[in-house]
Each structure stands twice: as structure tokens, then as C-alpha cells.
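S.K.: got a predicted structure here, sequence first:
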Amino acid sequence: MKPEALSQGKGIFITKNFGQIDPTEHLVVQKYLNKPHLIDEYKYDFRVYVLVTNVQPLRIFWYKDGLARFATEKYKLKAFNNPFIHLTNYAINKDNENFQSDDNKDAATGHKRSLKAIFLQLKREGFDIDDIQREMRDIIVKTLISVQQDLVHHYRTSQPSDLYSNMCFEILGFDIIIDNKGKPWLLEVNHAPSFNCDTALDANVKKNLLIDTFKILNCTLKEKNHINSVLKNIHEQRMIGINKSN
């Protein structure tokens, strides 16, 4: 159970009893994944970064690296009231005395690791990484397809005269967990993922993510002048058409 207006793991609770649920409260409800894949007996999930540069046509970029966030107490299915066992949110686990940080930019140990390091670990355990990445890709694509029509509507409403449908962009944070058989499951999508850089890993992943984002967006003076020139020509042609009709 996750409250509607909170973030960073605040207010989340697990229950088997409907009597614990306030029927007047707005909550996001998910079935608990009780057999997650564990590393060193700890539960973890992936933070995957996705850039959307266009909604019609839908244009999506999946960043090559990301984060793996670990719980800070060893996994057991009971003790549902212990967030350090069941929740992987960094904002919660960093305050646990058990939290360990790897100071290397390609962190392969500790309670926050690089996505690449986890894929190597999974490969050593015999999982097919290509299959896992393909299923993660499907999750990303299908999730965005499911909301594409709403995105298009909101975009057209706010930018009716946009020529190239690319005046806006957004970096999304997909939280994905895998079960003990290696199947990925979507936990949630964050429309405002944190860009705080508390560790060398954060700085390496997030700064390069932003650099690559602006390279893809091509936010250059040359591109701006080109678009302004095209818009000017369209405006002049419309004015000529109006004068002729008059």
C-alpha cells in the first residue's frame, strides 16, 4: 500500500488485513512479490532511466546504465513492519546503521550498486542477461504506450503550434524488480527522479545521463536558428496566402 501524495518510500506498508486500509484514503495497491531474486540475501531493485523526447511518434531512449538499490537487512518474508527488509528506497536505507557505501564510481559492492555490476552478477549465476534486458525493454515500451494517448492530448493542448512535436522532454525513473526466476516486474515510474549525487556512483551515472540527454536533444544555437527560420518562412507564406485571398 502506497499513499497517493508521498515519495521516497514514506508511508508504504504491507498488509494481509483489509481492516488496516482506510477506505477514504487514496492509495496505490500492488500485490507483493514474495519471491524476489536476492543478492547476498538482500532484496534489491533497479532504477532505470528513460528519456522521452517525442510523444507522436513516441520516441524513447533507455540509458545504458543505472542503479541497483538494496535493502539493508537480510530478506525474510515476515517482519512486514520492518522497512529495511522490504523496501529498497535509498532515502530510507541510507539512515540504517547497516548501510554500506562503495566509494568507487562503478560500485560493485554495498547497498547501492551500478546496474552493470548487477548484470555481471546475474550472468555469473547463470541468468540470460539478454532475455532480462529484452523483458525490461518491453516493460518500458508497453508502459509508455499505455499512456501515449493522454500524453499526446496534453501536449497538443499546451503546444498546439509546435512544428516538430519535440518542444518538451522528460527523464523518467523506472523502478524494476526481478523475481527468483529472473523475470522483471515493474514497481513504479517516477516522473521526477532524484538527481542528487551522494556517491561517486550517483555522480558517474546521473551526470553522464544528463550530458547524453542534452546531446540527444541537440539544444544548440544552430538548431534554434534553423527552427526559427522555418517558422518564419511558414509565417510569411501564410501572410502571402491571406493577402491573396483579400
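M.R.: Received, thanks.

S.K.: tell me the contacts of T88?
M.R.: 43-45, 69-71, 177 (CB atoms under 8 Å, 6 or more residues apart in numbering). Where C-beta positions appear, they are placed from N, C-alpha and C, glycine not excepted.

S.K.: how about 6 Å then?
M.R.: By CB atoms under 6 Å, 6 or more residues apart in numbering, T88 lies in contact with 44-45, 69, 71.

S.K.: do L33 as well
M.R.: Under the criterion of CB under 6 Å, 6+ apart, L33 has no neighbours.

S.K.: same thing but 10 Å
M.R.: 43, 45, 177-180, 183, 185, 187 (CB atoms under 10 Å, 6 or more residues apart in numbering).

S.K.: pretty sure D95 sits against L87.
M.R.: No - between D95 and L87 there is no contact under CB atoms under 10 Å: 11.7 Å.

S.K.: now do the shared contacts for the two.
M.R.: Contact criterion CB under 10 Å, 6+ apart; residues shared by D95 and L87: T72.

S.K.: who's more crowded, the two?
M.R.: For the pair D95 and L87, the greater number of neighbours falls to L87 (20 against 10), based on other CB atoms under 10 Å.

S.K.: just the C-alphas of stretch 34-45, formatted as PDB.
M.R.: Only the C-alpha atoms of stretch 34-45 are listed here, as PDB (Å, rounded to 0.1, in the frame of the first residue of the first chain):
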ATOM      1  CA  ASN A  34       7.200 -12.600  -2.200                       C
ATOM      2  CA  LYS A  35      10.000 -14.400  -4.000                       C
ATOM      3  CA  PRO A  36      12.400 -11.700  -5.200                       C
ATOM      4  CA  HIS A  37      15.800 -12.500  -6.500                       C
ATOM      5  CA  LEU A  38      18.300 -11.900  -3.700                       C
ATOM      6  CA  ILE A  39      22.000 -11.000  -3.800                       C
ATOM      7  CA  ASP A  40      23.900 -11.800  -0.600                       C
ATOM      8  CA  GLU A  41      20.500 -12.500   1.000                       C
ATOM      9  CA  TYR A  42      19.300  -8.900   0.400                       C
ATOM     10  CA  LYS A  43      16.400  -7.700  -1.600                       C
ATOM     11  CA  TYR A  44      17.100  -5.100  -4.300                       C
ATOM     12  CA  ASP A  45      15.600  -3.300  -7.300                       C
END
